[in-house]
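[1] What follows is a protein structure lacking sequence information:
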């Protein structure tokens with residue numbers, strides 16, 4: 001209980017708690033009270049804002065993970081006596097607002113945190129639209145740095161001179177589709193030693209289209225051959241909740257039988273061309289129908305995909321057994337940074353962290369590292385600090401500008417589980 005109280009003090013109240021004083025401080029309530037009053041009123045502080053879906057469908061998968069990841073990073077910064085700015089040490093304070101995974105709630109949350117004087121914002125990856133709305137608001141009202149793992153192409157622009165004014169204050173640490181396509185092409189050609197790649201995708205879906213364009217260009221530049229089948233997806237409600245998506249997956253055998261046959265015909269045509277690998281860069285629930293079709297084909301070559309595979313529930317992962325897919329992070333990533341994060345997280349929380357916790361932890365570290373480098377709290381100085389150096393964190397290397405690449409993880413589906421396969425070094429984007 002005492003550990004949890006100390007952790008909360010270090011996170012929300014920017015309190016420095018020297019390790020040797022913990023038991024002494026909590027042994028005398030009067031001394032502790034005066035010490036807290038002194039610390040809270042006289043210590044300067046950096047305020048970071050976190051906007052996350054704390055209610056609604058993504059509260060457990062994203063919101064709570066983002067909060068715990070940010071809390072851990074802030075607590076560790078305060079335990080290390082904060083960040084030096086100018087000639088003073090600053091504690092770090094975290095303020096949190098709920099975006100409910102809705103654009104209008106995201107704007108309310110941004111306005112709420114603006115009034116609390118945050119130096120930087122971290123936003124939810126669940127909706128790139130939400131992040132864009134906050135960015136548009138910020139340029140007019142409070143042009144502070146915004147860091148997100150959302151990957152809308154407008155956010156993850158290529159060269160910096162192509163950025164519009166409203167997104168120049170945004171840094172994405174997620175896996176945008178151009179980077180995924182380039183990384184998958186190199187992995188396919190060099191690691192899997194595949195020279196002929198089949199692709200089945202929906203060109204009307206921007207995620208799939210952007211990933212395929214980057215994969216095709218990089219794979220052909222390496223000397224590979226590409227064969228493509230496209231399809232038109234049936235109309236799906238774009239506002240499906242997480243529960244609706246899971247329900248579709250749980251009833252996939254019944255609900256997706258029609259589309260399965262349609263995909264089976266296309267996959268058979270690709271199979272006749274004798275590919276070495278099959279790329280399925282598609283969203284749910286199409287991916288489940290394609291997995292059902294693959295079961296009937298009993299193909300022997302590997303199947304690969306992007307980070308959309310991460311949304312597949314465990315009951316359906318066996319449909320893509322032995323397949324490979326990308327993610328920004330895996331708990332078994334064998335780096336010193338990740339091993340430390342896992343150990344620290346397990347001491348503070350239960351259960352084990354997911355990728356949203358790791359990404360948010362890195363986002364906080366990235367902001368505080370920039371402030372420490374620049375020794376300033378102005379928005380321009382913080383952005384310059386994040387832009388001027390490579391960040392090495394829990395999820396790997398992150399370069400800025402984003403077109404220079406970031407490290408990623410290849411997962412392999414084994415016995416229905418997503419197992420760590422290898423970490424990929426950053427692969428720069430190829431200009432389109």
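    Everything's here; your move. All of these numbers come straight from a predicted model, not from anything done at the bench.

[2] Every contact and neighbour count from this point should use C-alpha atoms.
    Will do.

[3] what about the residue lying closest to residue 377 once chain neighbours are set aside, distance to residue 324?
    Closest residue in space to residue 377, ignoring its immediate chain neighbours: residue 371 at 6.4 Å, by CA to CA, 6 or more residues apart in numbering. Distance, residue 371 to residue 324, by CA to CA, to the nearest Å: 38 Å.

[4] show me where the stretch 51-200 of the chain has helices.
    Taking DSSP state H, counting those that start in this stretch, the helices of the stretch 51-200 of the chain run over residues 64-79, 103-114, 128-141, 177-186.

[5] Can you add mean pLDDT and distance to residue 343 and give the ones you listed back as JSON lines?
    JSON lines is the format used below for these (pLDDT from 0 to 100; distance: least, CA to CA, whole Å):
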{"stretch": "helix 64-79", "mean pLDDT": "95", "distance to residue 343": "11"}
{"stretch": "helix 103-114", "mean pLDDT": "83", "distance to residue 343": "31"}
{"stretch": "helix 128-141", "mean pLDDT": "53", "distance to residue 343": "31"}
{"stretch": "helix 177-186", "mean pLDDT": "94", "distance to residue 343": "29"}
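
[6] out of those, deepest packed?
    The highest mean neighbour count among those, using mean count of other CA atoms under 10 Å, belongs to helix 177-186: a mean of 27.

[7] other SSEs contacting that one?
    Secondary-structure packing of helix 177-186 (3 or more CA pairs under 8 Å, 6 or more residues apart in numbering; DSSP states H and E): helix 206-222.

[8] what's the angle between the helix it packs on and helix 177-186?
    40 degrees (axes from the mean of the first three to the mean of the last three CA atoms, to 10 degrees).

[9] What are the contacting residues of helix 206-222?
    By CA atoms under 8 Å, 6 or more residues apart in numbering, the surrounding residues in contact with helix 206-222 are 177-186, 189, 199, 201-203, 225-226, 281-283, 429-430, 432.

[10] Go again with 6 Å.
    Outside helix 206-222, the residues that touch it by CA atoms under 6 Å, 6 or more residues apart in numbering are 177-178, 181-182, 185, 203, 281-282.

[11] try stretch 381-394
    For stretch 381-394, contacts defined as CA under 6 Å, 6+ apart pick out 337-338, 362, 370-371, 374, 397-400.

[12] Okay, and which of those residues map to helices?
    337-338, 362, 370-371, 374 (DSSP state H).

[13] who's in contact with residue 320?
    Contacts of residue 320 (CA under 6 Å, 6+ apart): residue 291.

[14] Repeat the analysis, applying 7 Å as the threshold.
    291, 413 (CA atoms under 7 Å, 6 or more residues apart in numbering).

[15] This completes my enquiry, with thanks.
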